[in-house]
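*Asks:* what would the 3D arrangement of this be:
(one chain, ligands or ions: 1)
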Amino acid sequence: MSPHESGNPHNLLGKSPDELREFMHALGEPAYRGGQIYHALYAERRFDVAAMSNLPAPLRERLGREAVIALPEIRRRYESSDGAVRYVLALGGAEDLGVAIQKPATVEAVFMPEENRQTICISTQAGCAVDCHFCLTATLGLVRNLTAAEIVGQVLVALEDHRAYLKPQTNVVLMGQGEPLLNYDAVITAVRILLDPNGMAITPKHTTLSTSGIIPGIDRLAQEKVRPKLAISLNASSNEQRDAIMPINRKYPIEKLLETCARYPLRPWEHLTFEYVLLGGFNDAPDDARRLAKLLANLRAKINLIPWNPGELPYEEPNAERIEEFRRILNEKHIPAFVRYSRGQDVMAACGQLAVLESKQDSSGSRLSQISPT
Ligand code: SF4
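*Replies:* So this is what the prediction gives:
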């Protein structure tokens, strides 16, 4: 079975149990076989129907002819000295009656091992239309939305690549290329598979979706029975400042965004996470920290401070004293704040870094970019 044929209409990946049951029914097979395929794919992570020992041999043979399990293809793999692995993944195109309905694309995912767990950062779009000025994915524009199969497939590929050394806990962060809430349906389909105890069985506590602040998407996510934790990429302490680096703020300004956050139904164990990329000399002053504390004072919030990674963009790395001062002011105002240093900097896997290594056209015609802060 080819790992790279997402154009095939019978890709088994990315389908809900009900869709797989319908597919089996359409083939004249008992519908419950769909549930067995789902279990083999996600609970056992078997990516060859021939190895799905819970299916009868004739069905395995038939599926071998009529279906594919189209995982993203690892185009390149960069291993950092800190153990993080950055993947450049090729995604197939699709045709209908000879007409391209989905172009091939290239995205990135990052696997970060820790003592008792691994964290996998995945992309939800190839490129991005949101145009945050500190992010080089933005320079690509939107190439295309990813399908649910391509989103969940990134997690499967990264886990499979480390199958022999997996830690008991897996965290997934939807913080790679793209704005997840602008590809809502595919993202939520993938999230349901990731969080399904009969699927990938990753818990909501260990899954985070990060948004640049798409208010209608946040309101929609609030209605979902199954949802990950929510992180908001804020990065500024005033509208004027945020307008200058995140044009999306003109559409969804800070006060409206925070009103949306205030009505977001948090579960008892949950905090909203606000991400704040510290750009040296731009948004890292003590007054910024005070304004930020005031903005978030009435929310159950925590802040991740992400010191800017030096790269090609015209921002400076904040100095260590400013970072510590910023964190201290927030903590004094009773806002939990943590400094998060990016992993994998030597392989350009860190948040907001430019993949200068591969920013040109690659052989499939797709341009590559970095793992970005949302
Ligand atoms: Fe898009 Fe996220 Fe980059 Fe903003 S930071 S342009 S939302 S990928």
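*Asks:* make it CA atoms for all contacts and neighbour counts henceforth
*Replies:* Will do.
*Asks:* quick one: the nearest residue in space to residue 10 that is not next to it in sequence and residue 130, what's the gap?
*Replies:* Here the nearest residue to residue 10 in space, its sequence neighbours aside, is residue 67; by Cα to Cα, 6 or more residues apart in numbering that works out to 4.7 Å. Residue 67 sits 36 Å away from residue 130, going by Cα to Cα, to the nearest Å.
*Asks:* between the two, point out the one with more neighbours.
*Replies:* residue 130 (20 against 17; other Cα atoms under 10 Å).
*Asks:* for that one, what are its contacts?
*Replies:* 138, 141, 179, 212, 246, 247, 248 (Cα atoms under 8 Å, 6 or more residues apart in numbering).
*Asks:* now residue 186
*Replies:* 146, 147, 148, 151.
*Asks:* can I get the one helix or strand the last one maps to as PDB, trimmed to CA atoms?
*Replies:* Yep, that's residue 151 we're talking about. Assigned by DSSP states H and E, residue 151 belongs to helix 148-161. Provided in PDB are the C-alpha atoms of helix 148-161 (Å, rounded to 0.1, in the frame of the first residue of the first chain):
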ATOM      1  CA  ALA A 148      -8.500  15.500   8.600                       C
ATOM      2  CA  ALA A 149      -6.400  12.500   7.300                       C
ATOM      3  CA  GLU A 150      -3.400  14.800   6.800                       C
ATOM      4  CA  ILE A 151      -3.700  16.400  10.300                       C
ATOM      5  CA  VAL A 152      -4.100  13.100  12.200                       C
ATOM      6  CA  GLY A 153      -1.500  11.500   9.900                       C
ATOM      7  CA  GLN A 154       1.200  13.800  11.100                       C
ATOM      8  CA  VAL A 155       0.800  12.500  14.700                       C
ATOM      9  CA  LEU A 156       0.800   8.900  13.400                       C
ATOM     10  CA  VAL A 157       3.900   9.400  11.300                       C
ATOM     11  CA  ALA A 158       5.800  11.000  14.200                       C
ATOM     12  CA  LEU A 159       4.700   8.200  16.700                       C
ATOM     13  CA  GLU A 160       5.500   5.500  14.200                       C
ATOM     14  CA  ASP A 161       9.000   6.900  13.600                       C
END
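*Asks:* biggest strand in this protein by residues?
*Replies:* strand 105-113 (DSSP state E).
*Asks:* ok, that strand: who's next to it in the sheet?
*Replies:* strand 85-91 (antiparallel), strand 117-121 (antiparallel) (DSSP bridges).
*Asks:* name the next helix or strand following the last one along the chain.
*Replies:* Translated: strand 117-121. strand 125-127.
*Asks:* and that following strand, what other elements does it pack with?
*Replies:* Judged by 3 or more Cα pairs under 8 Å, 6 or more residues apart in numbering; DSSP states H and E, strand 125-127 is in contact with strand 105-113, strand 142-145.
*Asks:* mind doing that once more with 6 Å?
*Replies:* In terms of contacts (3 or more Cα pairs under 6 Å, 6 or more residues apart in numbering; DSSP states H and E), strand 125-127 is packed against strand 142-145.
*Asks:* residue 305 is in contact with residue 336, isn't it?
*Replies:* No: Residue 305 lies out of contact with residue 336 (Cα atoms under 6 Å); the separation is 10.5 Å.
*Asks:* higher neighbour count, these two?
*Replies:* Ranked by neighbour count (other Cα under 10 Å), residue 305 and residue 336 place residue 305 first, with 21 against 17.
*Asks:* which ones are touching that one?
*Replies:* 276, 277, 338, 339, 340 (Cα atoms under 6 Å, 6 or more residues apart in numbering).
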